[in-house]
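**Q** Provide a 3D model corresponding to the input given below.
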Amino acid sequence: MPTWAVRGSYLARRDYWQRFTKVREAPDAEAAKELALSEIGSTHHVARRWIRLEKVEPAKEAP
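**A** Okay, here's the model as predicted:
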């Protein structure tokens, strides 16, 4: 299964956007996006409307 890197930010406090990068295995980019949204929302108690995704791209493999 391919590995995807999802980059973005979420509203952690008033006027402060916390940046994140999540690397997950998923069959496609949409599934990786959903996994990242679900994880950020459940871990940090953030509604999806307060999560901004910047990039969803294939993760680079380690040498």
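**Q** ok, now which ones touch the nearest residue to Met1 once chain neighbours are set aside?
**A** Distance criterion CB to CB, 6 or more residues apart in numbering; nearest residue to Met1, sequence neighbours excluded, is Glu25 at 4.7 Å. Placement of C-beta: from N, CA and C, glycine included. With contact taken as CB atoms under 8 Å, 6 or more residues apart in numbering, Glu25 is in contact with Met1, Pro2, Thr3, Trp4.
**Q** buried ones among those?
**A** Neighbour-count burial (16 or more other CB atoms under 10 Å) applied to these gives Trp4.
**Q** which residues does the residue nearest to Met1 bridge with?
**A** Glu25 has these beta-bridge partners by DSSP bridges: Thr3.
**Q** just the pLDDT for it.
**A** We have a pLDDT of 94 for Glu25.
**Q** make 55 the first number, not 1, from now on.
**A** From this message on, residue numbering opens at 55, which makes the last subject Glu79.
**Q** any idea how far Gly95 is from it?
**A** Using CB to CB, to the nearest Å, one gets 19 Å for the distance from Glu79 to Gly95.
**Q** much appreciated, bye for now.
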